[in-house]
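S.K.: sequence plus predicted model, see below.
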Amino acid sequence: MKILVTGGSGLVGSGIKRVTNNYSKGHYLYEGREFYFATSSDGNLVNYEETKSLFEKIKPTHVIHLAAKVGGLFSNLRQNVEFFNDNMDINRNVLHCCYLYKVEKCISCLSTCIFPNKTTYPIDETMIHNGGPHESNIGYSYAKRMIDVINHCYNSQYGCNFTSIIPTNIYGPNDNFNIEDGHVIPGLIHKCYLAKEKNEDFVIWGSGTPLRQFIYADDLARLILWCLDNYDNHEPIILSVDEEDEVSIKEVALLVAKHMNFEGNIVFDSSKSDGQFKKTANNKKLRSIYPDYKFQSIENGIKTTCDWFKKNFENARK
Ligand code: NAP
Ligand code: GFB
């Protein structure tokens, strides 16, 4: 099995690297599998010829397709056009090459933000196309929804084994800690680090009331590898912590402050957007086939990520 991981240098790609290192030490049944972690320097996947060259060079039997233009709420608000165009191009190119190179299985990554904004909760896998997504990330969301459409087309016309996973917000070591472009956990960790250094307030954007489910990158990595062996259906599957593990942005900020040992003022800047209030997802499908998977707690995950950031401040993506 030769597995091409697109987006191999990102948050989730580095989670798979950590987890497969363990596998090769014999902890898991993944010995003998060859992983190739591709980055944008191996080929710009927006470009069809460069994508094809990567497939020609690697000739993968399996693909874990993670590469995407990714960003937090505020990056999406500023660049909906680029989020749509880049992700449409990347996904069309990668999935067409999977077909051309007779890849046995491709797992692509969607996101719970792509679900309809006006919906009932909890969200499940059947609801993706039931209405427009939240306006803040409309470009990213529609491009991601099209992965599901492409998967269905290649499956029905050519019998391709293309599927997709739907993670919630992800976090962990090697995230993008850029304050303007990144997601909330890495953004808050970086802001808290600077607030502590400069003896300033720790500023949380928005009201702090929105709710999110967060999955630690290594949990997602393990579940993706599990899907490689155990999930063979072109319909997507939500990979999420349980509904009761949903937390508010304020709770997350307090955990960040605790694990960054921040003792100053915490303030909320309500002039900034809250984005979508919630996108509570139901992991019943996952639990029905993998009932006993134990997720990392948000407290431990944030502690590990804070410790990683402090230790790797100089070289962290920021
Ligand atoms: P990330 O940390 O931002 O990493 C993105 C990866 O994609 C990097 O390896 C990057 O390569 C690569 N990439 C970007 N544009 C590329 C291009 N034009 N050509 C080739 N490679 C390109 O992203 P992530 O957080 O790991 O996300 C992984 C997947 O999960 C994505 O599909 C994302 O949409 C999805 N997802 C993420 C979240 C989240 O909260 N982070 C939530 C739900 C779903 P370089 O390092 O070389 O630039
Ligand atoms: O992770 P995040 O940017 O994305 O979280 P979404 C946004 C929430 O955290 C909003 C609050 O309620 C913000 O007001 N927040 C507080 C902050 N402080 C900060 C901060 O310093 N940085 C950031 N970024 N937020 C994204 C989508 O939505 O979810 C993407 O826009 C993507 O497309 C991702 O799919 C998973 O959860 O709101």
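M.R.: On my side now, so go ahead. If you're wondering where the values come from, they're calculated on a predicted model, not measured in any experiment. Residues are numbered from 1 along each chain as shown. Ligands and ions are numbered 1, 2, ... in the order given.

S.K.: where do the strands sit along the stretch 201-318 of the chain?
M.R.: 202-205, 211-212, 214-216, 237-239, 247-248, 266-269 (DSSP state E, counting those that start in this stretch).

S.K.: quick one: mean pLDDT for the fourth one?
M.R.: I take that to be strand 237-239. Averaged over strand 237-239, pLDDT sits at 98.

S.K.: strands paired with that strand, and their directions?
M.R.: Strand 237-239 sits in its sheet next to strand 162-167 (parallel), going by DSSP bridges.

S.K.: what helices or strands is the next helix or strand after the partner strand leaning on?
M.R.: Heading C-terminal from strand 162-167, the first helix or strand you meet, by DSSP states H and E, is strand 169-171. When contacts are defined as 3 or more Cβ pairs under 8 Å, 6 or more residues apart in numbering; DSSP states H and E, strand 169-171 sits against helix 11-24, helix 184-198, strand 214-216, helix 217-230, helix 298-311. (Each C-beta comes from the backbone N, C-alpha and C, glycine too.)

S.K.: so which residues make contact with strand 169-171?
M.R.: Outside strand 169-171, the residues within contact range by Cβ atoms under 8 Å, 6 or more residues apart in numbering are 11-12, 112, 183-186, 212-217, 220, 301-302, 305.

S.K.: so is the helix-or-strand element of the chain with minimal mean pLDDT next to ligand 2?
M.R.: Within the chain, no helix or strand scores below helix 11-24, which has a mean of 85 by mean pLDDT, DSSP states H and E. No - applying Cβ under 6 Å from any ligand atom, one finds helix 11-24 out of contact with ligand 2, separated by at least 10.6 Å.

S.K.: any idea how far the closest residue to residue 16 other than its chain neighbours lies from ligand 2?
M.R.: Leaving out its chain neighbours, the residue that sits closest to residue 16 by Cβ to Cβ, 6 or more residues apart in numbering is residue 221, at 4.4 Å. Distance, residue 221 to ligand 2, by Cβ to the nearest ligand atom, to the nearest Å: 16 Å.

S.K.: was I right to think residue 221 contacts residue 11?
M.R.: No - using Cβ atoms under 8 Å, residue 221 is not in contact with residue 11, being 9.9 Å away.

S.K.: and the helices and strands packed on strand 169-171, which is most packed in?
M.R.: strand 214-216 (a mean of 25; mean count of other Cβ atoms under 10 Å).

S.K.: mean confidence for it?
M.R.: Mean pLDDT, strand 214-216: 98.

S.K.: for it, name the packing helices and strands.
M.R.: strand 169-171, helix 298-311.

S.K.: switch the ones you listed over to JSON lines; also include distance to ligand 1.
M.R.: Formatted as JSON lines, these follow (distance: least, Cβ to the nearest ligand atom, whole Å):
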{"stretch": "strand 169-171", "distance to ligand 1": "4"}
{"stretch": "helix 298-311", "distance to ligand 1": "12"}
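
S.K.: which bits of this structure sit near ligand 1?
M.R.: 7-13, 39-41, 44-46, 66-70, 90, 109, 111, 167, 169-170, 176, 183.

S.K.: buried subset of those, written for PyMOL?
M.R.: Only the buried entries of the residues of the chain next to ligand 1 go into this PyMOL selection, using 16 or more other Cβ atoms under 10 Å:
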select buried, resi 7+8+9+10+11+12+13+44+45+46+66+67+68+69+70+90+109+111+167+169+170+176+183
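
S.K.: isn't residue 101 up against residue 59?
M.R.: Yes - with contacts counted by Cβ under 8 Å, residue 101 reaches residue 59, the gap being 6.4 Å.

S.K.: not counting sequence-adjacent ones, nearest residue to the residue in the stretch 1-150 of the chain that ligand 1 sits nearest to?
M.R.: Across the stretch 1-150 of the chain, the shortest distance to ligand 1 (Cβ to the nearest ligand atom) belongs to residue 10, at 2.1 Å. Once flanking residues are discounted, residue 10 sits nearest to residue 66: 6.2 Å by Cβ to Cβ, 6+ apart.

S.K.: okay but that neighbour is in contact with residue 3, surely?
M.R.: No - taking Cβ under 8 Å as the definition, residue 66 is not a contact partner of residue 3, at 11.7 Å.
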